[in-house]
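1. following is a predicted model, sequence given first.
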Amino acid sequence: MKATIVTIGDEILIGQIVDTNSGYIAKALDKIGVQTTEILSISDDKQQILNTFSSLQNKVDFVIITGGLGPTKDDITKKTFCDYFEDTFVRNQEVEDHIVALFTKLNFIPTQVNKDQALLPSKAQVLRNNYGTAAGMWMQKEKTIFVSMPGVPYEMKGIVNEELIPKIVSEFKRPYIIHKTILTYGQGESMVAERIENWENNLPEFIKLAYLPSPGKVRLRLTARGKNKDILEKAIEENVTSLSKIIGDIIVGFDQDDTIEVVVGRLLEQQGKTISTAESCTGGKIAQMLTSVAGASHYFRGSVLSYATDTKVSILGVSQTTIDENSVVSVAVAKEMAAGIQKLMQTDYAIATTGNAGPGKGEADAEVGKVFIALATPNEIIITEFDFGQPREKVIDRSANKALEILQKEILKNLH
């Protein structure tokens, strides 16, 4: 089964807000075997909406629409929806009672405009919105089902999870779609592709491979489609096992949510070890990644954002002589930063970064993109030099990812 997702709103088209609804809906549909073939964003214009609906009619099984269901005059989706189906509005008493109850709970009296959100197309099947006043609508025209939901993310998510997905599951027989994500760190897309070329060429026809690269990492996503779930899952697992034998040295996780910070956090917690960071060129990015994981307080002690040179000296205990003799971007300074934060925070491991993220050279004479990453372990301090080039965002992201990758490999090495 195929779907197109349509977001309605000028605020999306002018960049005022970012469309996160489409990704959420597409992921939810994918889990139940409905393939999203297209995602569109269109303006709050009646003719534009009607033209879009017409162009999708009978081309996909579902058109999932968000946005434009509010109580004000600029919210025209519901009226346009009604016009497209040549229908008329009727008052849905259950929806109106829900609206009144919501306002009463907040100690407000709903206006007639609020109550009129209970006016819905007579042919629509209502998708209950437990978190807001705009009900979802399900209507079918010929071979295509049109679903309209509010654009407020938490309201949309409630309808998707509690109404839309259960309804599709109960009313339609769908193929199975099985995904498996393999997370790799340390090698680029082309290098990974070269290493697994023979393996990729021998994948069954019903399994597709996608490369999803980002700074410092490459996700490999296997997707199997078919009618027999057991066969799909067995084939996926067999091919993941054979892949692990080829690139096991760069694989850090097998779950869609297994980011490097999740993997590192899991290892630290399992081993009962702690980590701290002293960051200069990365500007707190490593600490932010580590603390984005729930439960990070079990292993993350803290960080010093030693962006200025005098902070490195006064807080981390880096010698001014070391800086004068070697430059602030150097092996020697990275080493003393790591030792300083490890001692200050009393942690098993400590990461330090110093470098030039650009765009100018700043206090140091180092070329833009040069970064030194130091990792203090219980036994030694390891320093690695990198040249991440430009632009600034790339340098910061790759430095942070590489630092956690180095940490992950060192923890694993110490396990053996």
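-> Yep, that arrived. These numbers come from a predicted model, not from an experiment. Residues are numbered from 1 along each chain as shown.
2. and A403, that one's in a helix?
-> Yes - secondary structure of A403 (DSSP: H, G, I helix; E, B strand; the rest coil): part of a helix.
3. quick one: it and I286 touch, right?
-> Yes - with contact defined as C-beta atoms under 8 Å, A403 reaches I286; the gap is 5.5 Å. (Each C-beta comes from the backbone N, C-alpha and C, glycine too.)
4. so where do the strands sit in the stretch 101-250 of the chain?
-> Ranges of strands in the stretch 101-250 of the chain, per DSSP state E, counting those that start in this stretch, are 119-121, 125-127, 136-141, 144-149, 176-185, 207-214, 217-226.
5. and for the stretch 301-416 of the chain?
-> Secondary structure of the stretch 301-416 of the chain (DSSP E, counting those that start in this stretch): strands at 349-355, 370-376, 381-387.
6. what comes up buried for the last one?
-> Within strand 381-387, the residues that qualify as buried are I381, I383, F386, counting by 16 or more other C-beta atoms under 10 Å.
7. partners of that strand, with directions?
-> In the sheet, strand 381-387 lines up against strand 370-376 (antiparallel) (DSSP bridges).
8. outside of the strand it pairs with, which residues touch it?
-> 281, 329-331, 333-335, 337-339, 341-342, 349-357, 381-388, 395, 399, 402-403, 406-407, 410 (C-beta atoms under 8 Å, 6 or more residues apart in numbering).
9. so can I have CSV of the buried residues of strand 381-387 showing distance to S22?
-> Compiled in CSV, the buried residues of strand 381-387 are given as follows (distance: C-beta to C-beta, whole Å):
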residue, distance to S22
I381, 46
I383, 44
F386, 36
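10. returning to what we had before: joint contacts of A403 and I286?
-> Common contacts of A403 and I286 (C-beta under 8 Å, 6+ apart): I351, T353.
11. and the contacts of strand 370-376, which of them are buried?
-> Applying 16+ other C-beta under 10 Å to the contacts of strand 370-376 flags 281, 329-330, 333-335, 337-339, 341-342, 349-357, 381, 383, 386, 388, 395, 399, 402-403, 406-407 as buried.
12. on that earlier part again, can you list the strands of the stretch 301-416 of the chain in JSON lines and add mean pLDDT and distance to N92?
-> Below are these laid out as JSON lines (pLDDT from 0 to 100; distance: least, C-beta to C-beta, whole Å):
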{"stretch": "strand 349-355", "mean pLDDT": "97", "distance to N92": "57"}
{"stretch": "strand 370-376", "mean pLDDT": "97", "distance to N92": "60"}
{"stretch": "strand 381-387", "mean pLDDT": "96", "distance to N92": "61"}
